[in-house]
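Enquirer: After the sequence you'll find the predicted model.
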Amino acid sequence: MGKKKQKEQHPTGAAQPLQLGIIHPAAAGIDVGSMKMMVSYSGPDEVPVVKEYDAYTSDLEQMVLDFKQAGITHVGMEATGVYWMSAFDMLDGQGFKVTLVNARHFKNVDGQKTDVKDCQWIHTLHAHGLLRASHIPEECYRELRTYIGERCNLQNEKSDTLNRIQKVLTQMNVKLQHIISDIEGVIGMQIIERIAEGVCSPEALLAGINTRPLKASSEDLHKSLQGIFKPYLVRVLAHHLASYRFYKKQMLSYEVEIEFLLNKMLPDEQKKDVKKISAKATKARKNQYHFNLKEYLHRIVGVDLTQIDGLDESSVLTIIGVVGLNMNKWATAEHFASWLNLAARPKITGGKVVGHQKRFTNNPATQAFRMAAQTMWQNKGVLGRLYRRLAHTKGSKKAIKAVARRLAIIFYHMVKRQSSYDPKLVALDEQKIKDNKIARLQKEAQKLGCRLEVLAA
């Protein structure tokens with residue numbers, strides 16, 4: 001018989017303690033601030049180095065130079081507002097592997113919180129490979145997201161200005177906004193522009209305007225325009241109307257930037273066919289894009305994502321601006337749904353689920369999926385039936401989240417597999433639900449001593 005292998009012992013006789021391995025030896029950590037950057041990294045002979053840099057461009061360039069001289073290859077930095085963007089772009093452009101970290105995903109060491117401890121803690125965690133990187137899409141998608149965000153801000157400002165216009169009309173005792181459902185339409189804006197020019201009589205306000213499309217009667221329309229036109233209120237209305245025109249003009253200017261960027265994002269084989277992209281078939285309604293956005297997205301993505309129930313071209317553009325088109329960053333569709341905070345995270349203790357984590361996000365892509373899911377209450381398809389069933393049993397909030405998750409999974413598979421939308425694949429769950437209902441009813445019938453037979457269809 002062979003000799004038994006003796007256990008190796010530590011020279012001191014005690015068991016050797018477990019140690020975390022260093023994954024990124026040439027790593028650095030940055031605590032980002034508005035006016036200064038606190039940096040921690042290992043210098044020569046593994047001596048810890050902590051430096052403070054100002055946030056000016058020249059100081060950031062010096063920080064990059066110091067990193068190169070110290071042999072730093074991986075940098076972990078905290079995402080703080082928009083202050084991280086300049087440092088990230090500079091480091092990423094110089095070839096560093098930058099890991100942007102959500103501050104909520106790691107905890108500080110005990111004791112008083114300082115910038116020095118923050119950067120050292122980020123450095124330590126990143127060296128051991130314990131930091132999870134945030135999703136940062138390519139530069140073209142970041143540019144697209146910026147344009148979309150600014151256009152959305154202008155759209156909100158325009159909506160606020162319309163509310164102020166309605167307030168001034170109410171102060172004038174003009175009931176136009178109660179007679180016309182949308183004062184931003186052609187007829188409503190023509191009347192408001194005449195009021196801002198000083199026209200007071202209802203007959204003069206309606207002269208030459210085709211009011212036949214309106215549902216309101218001619219008598220009600222004349223009565224609604226009999227107001228108290230004080231001069232200062234007319235001047236305030238004129239200023240609000242000028243602001244409205246300004247925001248609308250700025251929105252159109254951003255649309256030009258978005259269309260130009262989409263031209264650059266077209267595949268090389270299709271860039272020669274840019275002139276063949278037809279103009280928009282229908283007239284753009286309020287807040288819609290004035291160019292053929294649907295065809296641009298179809299050519300860039302390769303599939304028509306607007307075929308998905310609830311998603312229009314504006315929603316798809318918003319999602320692409322945040323997510324990008326590289327779905328390989330998420331291993332599965334479930335990972336993608338979890339990143340969007342659309343998947344439940346159960347709290348498990350003692351082998352039992354004791355609840356679920358409540359997570360909140362301001363991700364525009366998540367909001368786009370949730371808005372699309374919210375419209376499913378009147379949809380006649382499979383997703384509409386799913387929404388109504390869940391809303392009846394579990395409430396509308398859970399129904400919106402569940403359907404939004406389903407939409408995100410469909411989006412993921414269509415982009416990754418370059419496959420068209422197939423409602424039959426979504427309908428597969430309907431048969432599963434039916435089978436589960438039959439099985440449950442058969443089980444209840446057995447408890448009561450009965451037998452349940454399924455009739456052939």
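Expert: Structure's in. What do you need?
Enquirer: drop to CA atoms for contacts and neighbour counts, all remaining ones
Expert: Fine.
Enquirer: roughly how far apart are the nearest residue to residue 132 once chain neighbours are set aside and residue 170?
Expert: Spatial nearest neighbour of residue 132, excluding adjacent residues (CA to CA, 6 or more residues apart in numbering): residue 101 at 6.4 Å. Distance, residue 101 to residue 170, using CA to CA, to the nearest Å: 50 Å.
Enquirer: The two: who's more crowded?
Expert: Ranked by neighbour count (other CA atoms under 10 Å), residue 101 and residue 170 place residue 101 first, with 20 against 16.
Enquirer: I'd guessed the more buried one sits against residue 134; true?
Expert: Yes: contact criterion CA atoms under 8 Å: residue 101 and residue 134 qualify, at 5.7 Å.
Enquirer: Which helix or strand lies directly C-terminal to the least confident helix or strand in the chain by mean pLDDT?
Expert: In the chain, no helix or strand scores lower on mean pLDDT, DSSP states H and E than helix 423-426, which sits at a mean of 71. Per DSSP states H and E, the first helix or strand lying C-terminal to helix 423-426 is helix 428-447.
Enquirer: Next, the buried residues of that next one.
Expert: Using 16 or more other CA atoms under 10 Å as the test for burial, helix 428-447 gives residue 442.
Enquirer: which regions of the stretch 351-457 of the chain sit below the pLDDT cut-off?
Expert: 425-430, 456-457 (pLDDT under 70).
Enquirer: show me where it has helices.
Expert: 364-374, 382-394, 396-417, 423-426, 428-447 (DSSP state H, counting those that start in this stretch).
Enquirer: Now distance to residue 277 too, for these, in a markdown table please.
Expert: Converted to a markdown table, the helices of the stretch 351-457 of the chain look like this (distance: least, CA to CA, whole Å):
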| stretch | distance to residue 277 |
| --- | --- |
| helix 364-374 | 26 |
| helix 382-394 | 32 |
| helix 396-417 | 22 |
| helix 423-426 | 28 |
| helix 428-447 | 36 |
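Enquirer: which stretch among those comes nearest residue 341?
Expert: With CA to CA as the criterion, residue 341 lies closest to helix 364-374 of those, at 7.4 Å.
Enquirer: Please save the CA atoms from that closest one in CSV.
Expert: Extracted in CSV, the C-alpha atoms of helix 364-374 (Å, rounded to 0.1, in the frame of the first residue of the first chain):
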residue,chain,number,x,y,z
PRO,A,364,-34.3,56.5,-20.6
ALA,A,365,-34.4,53.1,-22.3
THR,A,366,-36.2,51.6,-19.3
GLN,A,367,-38.7,54.4,-19.3
ALA,A,368,-39.3,53.9,-23.1
PHE,A,369,-40.0,50.2,-22.6
ARG,A,370,-42.4,51.0,-19.7
MET,A,371,-44.2,53.7,-21.7
ALA,A,372,-44.7,51.2,-24.5
ALA,A,373,-46.0,48.6,-22.0
GLN,A,374,-48.4,51.1,-20.6
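Enquirer: Distance from the chain centre to that helix, please.
Expert: Relative to its chain's centre, helix 364-374 lies at 8 Å (CA atoms, centre = their mean, to the nearest Å).
Enquirer: Give me the buried stretch members for it, please.
Expert: In helix 364-374, counting by 16+ other CA under 10 Å, buried: 364-374.
Enquirer: Can I get these in CSV including distance to residue 185?
Expert: Listed next are the buried residues of helix 364-374 as CSV, based on distance: CA to CA, whole Å:
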residue, distance to residue 185
364, 28
365, 29
366, 31
367, 27
368, 26
369, 28
370, 28
371, 24
372, 25
373, 28
374, 26
